[in-house]
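**Q** Provided below are the primary sequence and the corresponding predicted coordinates.
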There are 2 protein chains.
Amino acid sequence: MNAASFYAKAPRHLVAVDCIIFGFDEGRLKLLIMQRKVAPMAGEWSLVGGFVQEEESTDEAAARVLEHTTGLNDIYMNQLHCYGDVARDTGARVISVAYYALIRITNHDKPLAREHGAHWLELHEIPDLIFDHGKMIEDALTALRNNAQFHPIGFELLPEKFTLSQLRCLYEEIYRKTLDKRNFRKKILSLDVMEKLDEKDKTSSKKGAHLYRFDPEKYEALKRKGLVFEI
Amino acid sequence: MNAASFYAKAPRHLVAVDCIIFGFDEGRLKLLIMQRKVAPMAGEWSLVGGFVQEEESTDEAAARVLEHTTGLNDIYMNQLHCYGDVARDTGARVISVAYYALIRITNHDKPLAREHGAHWLELHEIPDLIFDHGKMIEDALTALRNNAQFHPIGFELLPEKFTLSQLRCLYEEIYRKTLDKRNFRKKILSLDVMEKLDEKDKTSSKKGAHLYRFDPEKYEALKRKGLVFEI
């Protein structure tokens, strides 16, 4: 068999990308989802996604689709999983490669996303989504939790200076459970990746809460070494 | 736009699966690779792979291809990554979903694989492979190492009763480095997932080496909880 007929004999498939974009904003984990404006499935909710074109890699397709639908660019996305079940899309057989990212939402991003029909919703606010998009979100949350179990988190998400409450909020959102303040404080300080600053955040109480900052070197070293963070 | 034209407008792609099958045999980590018998690329070496057909999921395609080319069935494979670069295959644009598994090689499997043109080779024996198959192997080894860093390993690979040397060999093969016997012994025993048996293996010395067995409950509990195994 020559090369041309070797490839010509094989079936061809529609391939899509879907993006699970988590943001951390005002102490809440939010997810970027879209309400579809045009048919098919107008009015239904979905992840940000689209078809892979001929002259672009799947990574490039994910970046293009994200920028096109939300204005967000330069976002580093991890590949989550390739969803390849025959009947996962109700309209045709589509293989989907899912990507996820966790970003710090800026005030600049919010109106841009809205303009495009994309919304940052808290997890409990998310309506039913089309196809297996709900499962993709569950899988991405599992990946985030696994990451948080074995690596330090927060550096890319929190402001440069933050309080222990803000950091605890992030863990509580990812694990979707309330954590004991004292235990959390003890565990997180024992990791020895943060520096306590001589400044206080007084927005939530008169007494104020100490501000902390990650030590980039210690943070990176612990990321490489790994840890077990028991919740 | 109606649903039919929505899907009809999108480009279609060849989609393949590639399987990275590690085996543990005689104290060595081996990999199942194929020498291609027919054109295109006859004589060249590759992973076990093939195209995804219309009526099968990508998972099913991986299982079918593996069974068809090696006789191995009922192997639980993890999805590794979807390789979606435009020019990764030199013959046409093919998106490949890679899967990996670590299995205990049985004497039954070896002749079966050979019959199909598949060979179990040690890592240092592997010739240059086509396309990005070498990169897929590197990525699968990284996944194995990450798994071994945070979870107990060995249960699925070693015989029911094994010596500490056999277990150390497995870690040495996965990390591709020689480990200090005493340190390894101390670390692995401190995990408290094995039971020391009242039996010895006398194949490698007159004095013999103690045999151990994993405690399934403790092993599973540690797998859930996680650990940091520093090499």
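**A** In hand now; what should we look at?

**Q** Could you break chain A into its assigned domains?
**A** What automatic domain parsing lists as the domains of chain A is A:11-149, A:151-225.

**Q** Turn those domains into a markdown table, including mean pLDDT and distance to residue B:158.
**A** All C-beta spots, glycine's among them, are computed from the backbone N, C-alpha and C. Shown next, in a markdown table, are the domains of chain A (pLDDT from 0 to 100; distance: least, C-beta to C-beta, whole Å):
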| stretch | mean pLDDT | distance to residue B:158 |
| --- | --- | --- |
| domain A:11-149 | 92 | 25 |
| domain A:151-225 | 93 | 27 |
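
**Q** longest strand of chain A?
**A** strand A:12-25 (DSSP state E).

**Q** Name the next helix or strand following that one along the chain.
**A** Of the helices and strands lying after strand A:12-25 in sequence (DSSP states H and E), the nearest is strand A:28-35.

**Q** circling back: closest one to chain B among the domains of chain A?
**A** Among the domains of chain A, domain A:11-149 comes nearest to chain B, with 2.8 Å by C-beta to the nearest C-beta.

**Q** Any residue of the closest one touching chain B?
**A** Yes - shown here: domain A:11-149 in contact with chain B (C-beta under 8 Å from any C-beta of the partner chain) through A:11-15, A:38-40, A:51-59, A:61, A:79, A:81-82, A:84-86, A:91-95, A:97, A:149.

**Q** Take those and keep only those in strands.
**A** Of the residues of domain A:11-149 next to chain B, the ones assigned to strands by DSSP E are A:12, A:13, A:14, A:15, A:51, A:79, A:81, A:82, A:94, A:95, A:97.

**Q** Which PyMOL command selects the buried ones in the residues you listed?
**A** PyMOL command restricting these to the buried ones, with burial defined by 16 or more other C-beta atoms under 10 Å in any protein chain shown:
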select buried, chain A and resi 13+14+15+51+79+81+82+94+95+97
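
**Q** want to try CSV for the ones in strands among the residues of domain A:11-149 next to chain B, with distance to residue A:115 as columns?
**A** Converted to CSV, those look like this (distance: C-beta to C-beta, whole Å):
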residue, distance to residue A:115
A:12, 35
A:13, 33
A:14, 28
A:15, 28
A:51, 22
A:79, 28
A:81, 30
A:82, 31
A:94, 27
A:95, 30
A:97, 26
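
**Q** Report the contact partners of the residue lying closest to residue A:28 once chain neighbours are set aside.
**A** Excluding the flanking residues, the one nearest residue A:28 by C-beta to C-beta, 6 or more residues apart in numbering or on different chains is residue A:122, at 5.3 Å. With contact taken as C-beta atoms under 8 Å, 6 or more residues apart in numbering or on different chains, residue A:122 is in contact with A:28, A:29, A:30, A:31.

**Q** What count of nearby residues applies to the last one?
**A** When you say that, I think you mean residue A:31. 21 (other C-beta atoms under 10 Å in any protein chain shown).

**Q** Please go through chain A and pick out the longest helix.
**A** Longest helix in chain A by number of residues (criterion: DSSP state H): helix A:133-150.

**Q** who touches that helix?
**A** Helix A:133-150 has contacts (C-beta under 8 Å, 6+ apart) with A:18, A:20, A:22, A:31, A:46-47, A:78, A:80-81, A:83, A:98, A:100, A:102, A:126, A:128-129, A:153, A:171, A:174-176, A:226-229, A:231, B:150, B:226, B:228.

**Q** Can you select the buried ones from these in ChimeraX?
**A** The buried subset of these, as determined by 16+ other C-beta under 10 Å, is captured in ChimeraX by this line:
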select /A:18,20,22,31,47,80,81,83,98,100,102,126,129,153,171,174,175,226,227,229 /B:150,226
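
**Q** since we're on the closest residue to residue A:37 other than its chain neighbours, how many residues are nearby?
**A** Leaving out its chain neighbours, the residue that sits closest to residue A:37 by C-beta to C-beta, 6+ apart is residue A:117, at 5.5 Å. Residue A:117: 14 surrounding residues under other C-beta under 10 Å.

**Q** same question, residue A:119
**A** Residues near residue A:119, counting by other C-beta under 10 Å, number 18.

**Q** again, but for residue A:215
**A** Other residues close to residue A:215 by other C-beta under 10 Å number 15.

**Q** For it, give me phi and psi.
**A** When read as degrees, to the nearest 10, the backbone of residue A:215 gives phi -90, psi 110.

**Q** on that earlier part again, return the most buried member of the domains of chain A.
**A** Mean neighbour count (mean count of other C-beta atoms under 10 Å in any protein chain shown) peaks for domain A:11-149 among the domains of chain A, with a mean of 18.

**Q** start to end distance for it?
**A** 41 Å (C-alpha to C-alpha, to the nearest Å).

**Q** what do you get for stretch A:175-182?
**A** Distance between the two ends of stretch A:175-182: 17 Å, counting by C-alpha to C-alpha.

**Q** and that stretch, does that touch chain B?
**A** No - applying C-beta under 8 Å from any C-beta, one finds stretch A:175-182 separated from chain B by no less than 14.2 Å.

**Q** who's in contact with that stretch?
**A** Residues from elsewhere that reach stretch A:175-182, judged by C-beta under 8 Å, 6+ apart: A:123, A:141, A:145, A:148, A:168, A:171, A:172, A:231.

**Q** Reformat those as TSV; add distance to residue A:188.
**A** Formatted as TSV, the contacts of stretch A:175-182 follow (distance: C-beta to C-beta, whole Å):
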residue	distance to residue A:188
A:123	22
A:141	21
A:145	16
A:148	11
A:168	8
A:171	8
A:172	12
A:231	11
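
**Q** Determine which two of those are furthest apart.
**A** A:141 and A:168 (17.9 Å; C-beta to C-beta).

**Q** Now distance to residue B:192 too, for the domains of chain A, in a markdown table please.
**A** A markdown table is the format used below for the domains of chain A (distance: least, C-beta to C-beta, whole Å):
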| stretch | distance to residue B:192 |
| --- | --- |
| domain A:11-149 | 20 |
| domain A:151-225 | 22 |
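
**Q** how about those, which one is nearest residue B:215?
**A** Comparison of the domains of chain A against residue B:215 by C-beta to C-beta identifies domain A:11-149 as nearest, at 22.6 Å.

**Q** Where do the helices of chain A begin and end?
**A** Under DSSP H, chain A gives helices at A:3-8, A:58-70, A:109-115, A:133-150, A:164-175, A:181-190, A:216-225.

**Q** Between these, which one is closest to residue B:67.
**A** Comparing these against residue B:67 with C-beta to C-beta, the closest turns out to be helix A:3-8 (21.1 Å).

**Q** And the closest one, what does it pack against?
**A** Using 3 or more C-beta pairs under 8 Å, 6 or more residues apart in numbering or on different chains; DSSP states H and E as the contact test, no helix or strand touches helix A:3-8.

**Q** now that helix, how far from the chain's geometric center?
**A** Mean-position distance between helix A:3-8 and its chain equals 39 Å (C-alpha atoms, centre = their mean, to the nearest Å).

**Q** mind listing what's buried in that helix?
**A** Using 16+ other C-beta under 10 Å as the test for burial, helix A:3-8 gives A:6, A:7.
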